[in-house]
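Peer 1: The following comprises the amino acid sequence and a computationally predicted model.
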Amino acid sequence: MKRLEVSTADLVAVGGQKHVYRVSGAPDTLVKVVRPDRFHKMPPSKDKVFRRLGRRLLPSRRRFGPYWEWNRELEEFIASLARLHTLPTFVPRPLGFVETTNGIGYLVEHIRSADGTTAPNLRKYVAENGFDERLEVKVNDLFSDIDSYRFVISDVRASNLVYGRRVGDLDDRIFVVDGLYEATFIRLRTMCGAAFRRFNIRKRRRLLEELKKRGRYPN
Ligand SMILES: Nc1ncnc2c1ncn2[C@@H]1O[C@H](COP(=O)(O)OP(=O)(O)OP(=O)(O)O)[C@@H](O)[C@H]1O
Ligand SMILES: [Mg+2]
């Protein structure tokens, strides 16, 4: 089978772990590929020691290598489909896996701006546009959706959130593009509603702090 060709000309983002490319002939699709230089490294983590250790012990880490996050993410998507018969609105749709010229590629829905270009992540968006009440409303909308879908997200920071729309939407909203699973060994927030709510309150507060800081001091 022919591999999907990924080339730097189609690169839309270089994350800490992944390269994100446009797919030629499919404007509504992006493909994520683990960066070759990251393949043998564990993602850097600023987390507390016990949490780091917990993650290292995850059996899926050993089994799936750098792809363990995708495995966990799919598990959560399937759980959501089994429970609610739908995926949360704030998640770009997963579209499948392909072999690319740079290893396994994860095809996902391309979130775009009104002009059709790739939507900026919130880090870039607030650096360019500042942080205002309108965006704060969007953050609140996101967290109320997270609450109502009861969907655990491990890493709610500005670079994992994009501000844009899917085909057919009339307005921009915040999408969570990464960390769509509970990363700890014991899935406390999945099991316990109080822990889930407490976590989200803290994450919302921290995200607002991050956005205000970045919005005030553009880089
Ligand atoms: N579905 C999407 N639609 C539009 N842009 C996206 C999408 N997924 C990812 N991106 C862009 O690609 C960037 C990196 O994506 P992702 O977070 O999945 O990779 P990463 O390697 O984990 O990056 P980081 O270390 O910065 O979190 C995002 O910050 C965002 O700008
Ligand atoms: Mg990320």
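Peer 2: Noted; the coordinates are in hand. Residues are numbered from 1 along each chain as shown. Ligands and ions are numbered 1, 2, ... in the order given.
Peer 1: starting at the chain centroid, how far to the helix ranked longest in the chain?
Peer 2: Secondary structure of the chain per DSSP state H: the longest helix is helix 193-216. When distances are taken as CA atoms, centre = their mean, to the nearest Å, helix 193-216 is centred 16 Å away from the chain's centroid.
Peer 1: ditto for stretch 106-126
Peer 2: With CA atoms, centre = their mean, you get 12 Å for stretch 106-126.
Peer 1: List of residues touching that stretch?
Peer 2: With CB atoms under 8 Å, 6 or more residues apart in numbering as the test, stretch 106-126 has contacts from 12-13, 22-23, 27-33, 70, 92-98, 128, 135, 158-166, 172, 174-175, 177, 211, 214-215. In short, each C-beta sits where N, CA and C put it, glycine included.
Peer 1: So that stretch, near ligand 2 or not?
Peer 2: No. Residues of stretch 106-126 contacting ligand 2 under CB under 5 Å from the ion: none, with a closest distance of 8.9 Å.
Peer 1: Extract the CA atoms of that stretch and return them as PDB.
Peer 2: C-alpha atoms of stretch 106-126 as PDB (Å, rounded to 0.1, in the frame of the first residue of the first chain):
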ATOM      1  CA  TYR A 106      -3.300   9.900  13.100                       C
ATOM      2  CA  LEU A 107      -5.900  11.500  10.900                       C
ATOM      3  CA  VAL A 108      -8.000  14.200  12.700                       C
ATOM      4  CA  GLU A 109     -10.600  16.800  11.800                       C
ATOM      5  CA  HIS A 110      -9.000  20.000  10.800                       C
ATOM      6  CA  ILE A 111     -10.200  22.900  12.900                       C
ATOM      7  CA  ARG A 112     -10.100  26.100  10.900                       C
ATOM      8  CA  SER A 113     -10.700  29.900  11.200                       C
ATOM      9  CA  ALA A 114     -13.500  31.700   9.300                       C
ATOM     10  CA  ASP A 115     -11.100  32.400   6.400                       C
ATOM     11  CA  GLY A 116     -10.300  28.600   6.000                       C
ATOM     12  CA  THR A 117      -6.800  28.700   7.400                       C
ATOM     13  CA  THR A 118      -5.800  26.400  10.300                       C
ATOM     14  CA  ALA A 119      -7.200  27.700  13.600                       C
ATOM     15  CA  PRO A 120      -4.600  29.200  15.900                       C
ATOM     16  CA  ASN A 121      -4.000  27.600  19.300                       C
ATOM     17  CA  LEU A 122      -5.000  29.700  22.300                       C
ATOM     18  CA  ARG A 123      -1.400  30.500  23.000                       C
ATOM     19  CA  LYS A 124      -0.900  32.100  19.600                       C
ATOM     20  CA  TYR A 125      -4.400  33.600  19.600                       C
ATOM     21  CA  VAL A 126      -4.100  35.500  22.900                       C
END
